[in-house]
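Participant: sharing a model prediction with you, sequence too.
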Amino acid sequence: MVVLNMDGVADMPVRDGVKKPLVGVIDDGTKTVRFVIYEAERSEELAAYQLDKTEVQPQEGWYEQDPMEILNHIRTCSENAIGQLTELGYSKEDIVTLGITNQRETTIAWDKFTGEPLHPAIAWNDIRTDSTVDAILAKVPDRNKNYLKSISGLPISPYFSALKMRWLKDNIKAVRRASRDKRLLFGTVDSWIVWNLTGGPQGGLHITDVTNASRTLLMDLETLNWDPMLCRLFGIHRDSLPQIRSSSELYGVVKDGSILDGIRLSGILGNQQAALVGQNCLLAGQAKNTYRSGCFLLYNTGQRRVQSTHGLITTVAYKLGPDAPAVYALEGSIAVAGGAMKFLRDNLKLINDVVNETEHIAGQVFSTGDVYFVPAFSGLYAPYWRKDARGIICGLTAFTTKNHIIRAALEAVCFQTRDILEAMNKDCGMPLSKLHVDGKMSSNDLLMQIQADLTGIPVLRAHSWDMGALGAAVVAGHCAGVWGVERWRHHATPADTFLPTTTDDDRNVRYTKWKMAVQRSLGWATTKKSITMTEERYKLLASIPATLYIMGSFAMLVVSKMLKNS
Ligand SMILES: Nc1ncnc2c1ncn2[C@@H]1O[C@H](COP(=O)(O)OP(=O)(O)O)[C@@H](O)[C@H]1O
Ligand SMILES: O=P(O)(O)OC[C@H](O)CO
């Protein structure tokens, strides 16, 4: 609708003729940085700008990112998105607050006084800490990878930040030196962004929110504080860790000389928790699955911390203010979903274009012809937590074509989701009756239909694929008083519905075969010592003290646990 102003001249097209407060969101994903602007209480994006990040894979299983590139991309994206506002009748001044949502677990170490990163960010899916995990497990009763789960909610896995921090201290001289000189700051990407946005070396806030902290293996899920025993165990000094805050409160104001200068910061959520909020799964018993490079299914358990006995993670879903109670979730994390499509494109060259070809090519066959593809490129996450698994394609015959293999890669995403759902249903005792989905990969209709067929429940696809940015806008707007979470709770998220078309028998037969394929993928990889890139790293990796240190700490932990239980 075009509005006439007092002079009878058409104003810029503000939606519905009513100017609303705006909420900006910084969305740092594994592959992209986005800046998105929403009108308060509206779920469609008003303006957005996105840039791809440089992928750095220095060696097999290592994934690094450039922390400075993240900051530069935030500047460019925010300038461009805010630039679009003028055409829409808004200006930067209409942005009342900012939220941040980010890839979780990815870890950065930097210098408190210079602001310089001391190493590239180690990404969540990096498995260089494999041998550190082994050294730890060797000292745990029964090599129990769930030994720390009752405190942190997490299994011992290279996925989580504490192992990455330990690796940085053991292998990077600059990190050790900074630690010795009390200049070392650690953080997940949210911490890095906030610290830089709020002044950096000149008084930047070193904070994180509970959802990100709950992915480090250092936080006690009950107290929502860093756990002294876990910090000791991993050798991470509390002074180098950020302060843990809620997901929705006034943290501070941007002071970095950028276009965002002067805007308040009032929301932080890890991206999968943000998608749970964006999908409006705010009641216990509601769940969402986000299909991106990886795939993450979160089930809201309300204020109950459900301890999974079937391979899921317990994590903080959100905490809407310093005095609000924490809401928890059970999570099933899948390391490779859309990533398998990229593998088919870049490594096997079976397709040229993921978005435009996969659905079409896989749709040309009615089944995979009994081919199963387990994309365990760096091991398997939930519910298996097997870092020794490796990818397999099995069931090949002389009739197999690339169509079958591509279809099997799509099915793999759905079977992995079923693995998670089976575990969730057992942990929660109540089978999920429908699944809310989002993420770029969910735009694939065939994938969504296969998902409904293999799980036997309706799949409800959100109209916007980026529910994470929306969730961060909700929590930031909630604190700023422009986006009531209570009202949001009653907001119906528009969705496309995919209904199951298979019988129980049919899906169960196929699922049994999938489980056989998974079994065949296990135990393939032998742990390699991390082979480092520099002479310094070579020497340090071979050095025993770091490993001894961890083993010693573990011995202490075992003893202290025994004393606690006696
Ligand atoms: N239509 C589609 N069919 C199959 N896979 C898709 C489709 N669209 C996107 N993907 C896959 O989904 C992933 C999208 O990831 P993206 O949303 O960019 O998030 P991330 O930051 O996790 O990489 C990519 O790995 C891509 O291969
Ligand atoms: O790859 P993304 O950006 O969808 O997010 C990754 C997850 O947060 C990892 O836990």
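Facilitator: That came through, no problem. Numbers count the residues shown, from 1 in each chain. Ligands and ions are numbered 1, 2, ... in the order given.

Participant: now for Ala162: which residues touch it?
Facilitator: Residues near Ala162 by C-beta atoms under 8 Å, 6 or more residues apart in numbering: 216-218, 230, 234, 236. The C-beta positions use only the backbone N, C-alpha and C, and glycine is treated the same way.

Participant: which parts of this structure sit against ligand 2?
Facilitator: Counting by C-beta under 6 Å from any ligand atom, the chain comes close to ligand 2 at 29-30, 103-105, 124, 270-272, 292-294.

Participant: neighbour-wise, which one of those residues leads?
Facilitator: Among the residues of the chain next to ligand 2, the one with the most neighbours (other C-beta atoms under 10 Å) is Gly270, at 35 neighbours.

Participant: list the beta-bridge partners for it.
Facilitator: Residues in a beta bridge with Gly270, per DSSP bridges, are Asn102.

Participant: would you mind listing what in the stretch 151-300 of the chain touches ligand 1?
Facilitator: Residues of the stretch 151-300 of the chain lying near ligand 1 by C-beta under 6 Å from any ligand atom: 292-293.

Participant: returning to that earlier point: restricted to helices, list the residues of the chain next to ligand 2.
Facilitator: Per DSSP state H, helices hold the following members of the residues of the chain next to ligand 2: 271-272.

Participant: OK, contacts around Leu51?
Facilitator: Neighbours of Leu51 in contact, by C-beta under 8 Å, 6+ apart: 32-34, 73, 76-77.

Participant: by neighbours, which of those wins?
Facilitator: Neighbour max across the contacts of Leu51 (other C-beta under 10 Å) = Val33, 25 neighbours.

Participant: so what pLDDT did the closest residue to Ala376 other than its chain neighbours get?
Facilitator: Closest residue to Ala376 apart from its sequence neighbours, by C-beta to C-beta, 6 or more residues apart in numbering: Ala389 at 3.9 Å. Looking at Ala389, its pLDDT is 94.

Participant: repeat for Ile406
Facilitator: Note on Ile406: pLDDT of 96.

Participant: wasn't His436 part of a helix?
Facilitator: No: His436 sits outside any helix when classified using DSSP: H, G, I helix; E, B strand; the rest coil, being strand.

Participant: how near is it to Ile26?
Facilitator: Distance, His436 to Ile26, by C-beta to C-beta, to the nearest Å: 24 Å.

Participant: those two - which one has more neighbours?
Facilitator: Ile26 (28 against 25).

Participant: tell me which element that one falls in.
Facilitator: Using DSSP states H and E, Ile26 maps to strand 22-28.

Participant: following that strand, which helix or strand comes up?
Facilitator: With secondary structure assigned by DSSP H and E, strand 22-28 is succeeded by strand 32-39.

Participant: who touches that following strand?
Facilitator: For strand 32-39, the surrounding residues in contact (C-beta under 8 Å, 6+ apart) are 15, 20-27, 44-53, 70, 73-74, 77-78, 80-82, 84-85, 95, 466, 469-470, 473, 477.

Participant: just to revisit the earlier point, I'd like to know which elements the strand holding Ile26 is packed against.
Facilitator: strand 32-39, helix 67-85, strand 95-102, helix 189-197, helix 467-480 (3 or more C-beta pairs under 8 Å, 6 or more residues apart in numbering; DSSP states H and E).

Participant: count of residues packed around Arg489?
Facilitator: For Arg489, the neighbour count with other C-beta under 10 Å is 10.

Participant: ok, now Ala324?
Facilitator: Ala324 has 15 nearby residues by other C-beta under 10 Å.

Participant: excluding residues flanking it in the chain, which one is nearest it?
Facilitator: With C-beta to C-beta, 6+ apart as the criterion, Ala324 has its nearest non-adjacent residue at 6.6 Å, and that residue is Ser246.

Participant: would you mind listing what in the stretch 401-550 of the chain touches ligand 1?
Facilitator: Checking the stretch 401-550 of the chain against ligand 1 by C-beta under 6 Å from any ligand atom, the hits are 439-441, 443-444.

Participant: closest one of those residues to Ile420?
Facilitator: Nearest to Ile420 out of these is Gly439 (C-beta to C-beta; 14.5 Å).
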